[in-house]
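Asks: Predicted structure and sequence below. I'll ask about it afterward.
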Amino acid sequence: MKIILISPTWKIQAKEKRMERGKVFKFPQLSLLAVAAVTPPEVEIELIDENVEEIDFNKEADLVGITSMTATAPRAYEIANRFREKGISVVLGGMHPSALPQEAIQHADAVVIGEAEPTWPRLIEDFKRGGEETLKPFYQDERRVDLSQICPPRRSLLKKNRYIITRVLQVSRGCPFDCSFCSVSKFFGKKYRLRPIKDVVVEIKSLVGKSLYSRFIAFLDDNIMGNMKYAKELFRALIPYKLVWVGQASVNVAQEPELLELAAKSGCKGLFVGFESISPSSLREADKPQNKISFYKKAIERFHRFGISLEGAFIFGFDNDDKSIFKKTVNFIKKMKLDAVQFGILTPFPGTRLSSKLSREGRIIDHDWSNYDIANVVFKPKLMTAQELKEGFTWAYQHVYSFPGIFRRLSGMISGRRWRYFGPLLTVNLAYRRIFKGAKKAKDPAKG
């Protein structure tokens, strides 16, 4: 029996651009590696990531499994339909099919709802008994996965030269925060589940070598420091391995200097941090009370002092945002000298409270899932037009990633001995800049 597991690209018209993107943006998806890990050993598996390689639809397979986020759903459905036309059974899973299983089943023989580890082996056994005829339409286990029982991801399936790094791992799932725009807590639950630290250490020991590059690790947790007590124990355990690692965390972790010190000693060199907004009313709207704008400056200084560089994430389009938000945010970024920045347009992903609210108010204007990529406006903003929101988003990106903007921000790297990583951070900044290469220069929204 052969199974092909597929991670689809976003808009098919953007496929070529995404495949040509620098490796700096390319990380393998752990979800399919986890599915492969619980697949019976006698089953042959091939993994295809459409963001780094083409799909050969002439390949022979008994079953195709496709994971999908909302923005990749239309392409996932295209791929599913093509394989089904050839008589090959298809299973869909991931965030989007879990949120909208009745939609997904129109393009599949079965849909896995939620985490796949408990249900995938059962699905395989059903398929072995009678193929498509013995598959159930939906597979779901209400119990959350016990992370002490999970198998190591099957990284051997990855095309290693296609990614910046394949040493990616996860130590936690779930999030007690319940931001209105986020689907993580709905998919993984509102409680942190943690892997035993001894298991994490064993996995890391199996991954790293003596060279600097072989000690480079990426943690893909939504918040690796969400449980601060656990994080401190984990970082203490990692110190002997001389890692260089990056991950994601919330800004409030900077309230614990001891935690940052231990993170730095364990090898933390960069974090992706969701600041979300510099507007208090917008943070209230997002149900993000843990973010205190009055603490942002001190938090950034603290991260930097411990040698940890930051990629800050900001969202535009809250009901309290007017056209002044773009310039205010850019000025804040310049003043704080954030090392890298990601902007996003507020997006009502299916299953979130934001989606329910905007649907009730009749403000969702675009139901093309491929536009749900945080770079397009799919709803009617309150204090500006959809076009003004899109133009302001583009202007902010172009301004922050202009050459003067890049070097002004990176001039802050002299603190916390971060200058040693100037090269990698410059590479990240130039990669962001190339995304907008050839795009028409956006007008200053404040002058519009």
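Replies: Everything's here; your move. Numbering: from 1, shown residues only.

Asks: Would you map the strands across the stretch 1-150 of the chain?
Replies: With DSSP state E, counting those that start in this stretch as the definition, the stretch 1-150 of the chain shows strands at residue ranges 2-7, 44-49, 63-67, 89-93, 110-113, 138-140.

Asks: could these go into JSON lines alongside distance to residue 398 and mean pLDDT?
Replies: Just so you know, the C-beta spots here come from the backbone N, C-alpha and C atoms, and that holds for glycine as well. Converted to JSON lines, the strands of the stretch 1-150 of the chain look like this (distance: least, C-beta to C-beta, whole Å; pLDDT from 0 to 100):
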{"stretch": "strand 2-7", "distance to residue 398": "30", "mean pLDDT": "96"}
{"stretch": "strand 44-49", "distance to residue 398": "29", "mean pLDDT": "95"}
{"stretch": "strand 63-67", "distance to residue 398": "33", "mean pLDDT": "98"}
{"stretch": "strand 89-93", "distance to residue 398": "37", "mean pLDDT": "98"}
{"stretch": "strand 110-113", "distance to residue 398": "40", "mean pLDDT": "97"}
{"stretch": "strand 138-140", "distance to residue 398": "44", "mean pLDDT": "97"}
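
Asks: Next, format those strands as CSV and append mean neighbour count and distance to residue 285.
Replies: Below are the strands of the stretch 1-150 of the chain laid out as CSV (neighbours: other C-beta atoms under 10 Å; distance: least, C-beta to C-beta, whole Å):
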stretch, mean neighbour count, distance to residue 285
strand 2-7, 21, 33
strand 44-49, 19, 35
strand 63-67, 26, 31
strand 89-93, 26, 31
strand 110-113, 24, 29
strand 138-140, 17, 32
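
Asks: which stretches of this structure have low pLDDT?
Replies: Residues of the chain meeting the criterion pLDDT under 70: 11-25, 415-416, 448.

Asks: Let me see the domain layout of it.
Replies: 2-140, 167-447 (automatic domain parsing).

Asks: Switch those over to TSV; also include distance to residue 155.
Replies: Formatted as TSV, the domains of the chain follow (distance: least, C-beta to C-beta, whole Å):
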stretch	distance to residue 155
domain 2-140	6
domain 167-447	8
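
Asks: Compare those and give me the one nearest residue 159.
Replies: domain 2-140 (6.6 Å; C-beta to C-beta).

Asks: start to end distance for that closest one?
Replies: For domain 2-140, the first and last residues are 23 Å from each other (C-alpha to C-alpha, to the nearest Å).

Asks: what do you get for stretch 340-354?
Replies: Terminal residues of stretch 340-354 lie 27 Å apart, using C-alpha to C-alpha.

Asks: Residue 290: how many residues sit nearby?
Replies: Burial of residue 290 is recorded as 14 neighbouring residues (other C-beta atoms under 10 Å).

Asks: doesn't it fall inside a strand?
Replies: No: Residue 290 is assigned coil when assessed by DSSP: H, G, I helix; E, B strand; the rest coil, not a strand.

Asks: How about it, nearest residue that isn't a chain neighbour?
Replies: residue 252 (4.8 Å; C-beta to C-beta, 6 or more residues apart in numbering).

Asks: The one you found and residue 383, how far apart?
Replies: The spacing between residue 252 and residue 383, counted by C-beta to C-beta, to the nearest Å, is 28 Å.

Asks: and those two? which has more neighbours close in?
Replies: Per other C-beta under 10 Å, whichever of residue 252 and residue 383 has more neighbours is residue 252, with 20 against 15.

Asks: correct me, but the more buried one touches residue 293?
Replies: No: if you go by C-beta atoms under 8 Å, residue 252 and residue 293 don't touch, sitting 11.8 Å apart.

Asks: Hmm, residue 389 is touching residue 316, no?
Replies: Yes: here residue 389 lies in contact with residue 316, judged by C-beta under 8 Å, at a distance of 6.3 Å.

Asks: Now for these two: what residues contact both?
Replies: residue 345 (C-beta atoms under 8 Å, 6 or more residues apart in numbering).

Asks: In the stretch 151-300 of the chain, mark out all the strands, start to finish.
Replies: Under DSSP E, counting those that start in this stretch, the stretch 151-300 of the chain gives strands at 168-169, 172-173, 193-194, 216-219, 244-249, 268-276.

Asks: Make TSV out of the ones you listed and add distance to residue 370.
Replies: Listed next are the strands of the stretch 151-300 of the chain as TSV, based on distance: least, C-beta to C-beta, whole Å:
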stretch	distance to residue 370
strand 168-169	26
strand 172-173	27
strand 193-194	32
strand 216-219	27
strand 244-249	25
strand 268-276	24
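
Asks: right, and those - which one's nearest residue 116?
Replies: Checking those against residue 116 by C-beta to C-beta gives strand 172-173 as the closest, at 12.4 Å.

Asks: Please name every helix or strand in contact with that closest one.
Replies: strand 193-194 (3 or more C-beta pairs under 8 Å, 6 or more residues apart in numbering; DSSP states H and E).

Asks: Distance from the strand it packs on to the middle of the chain?
Replies: 18 Å (C-alpha atoms, centre = their mean, to the nearest Å).

Asks: Also stretch 186-203?
Replies: Here the centre of stretch 186-203 is set off from its chain's centre by 17 Å, with C-alpha atoms, centre = their mean.
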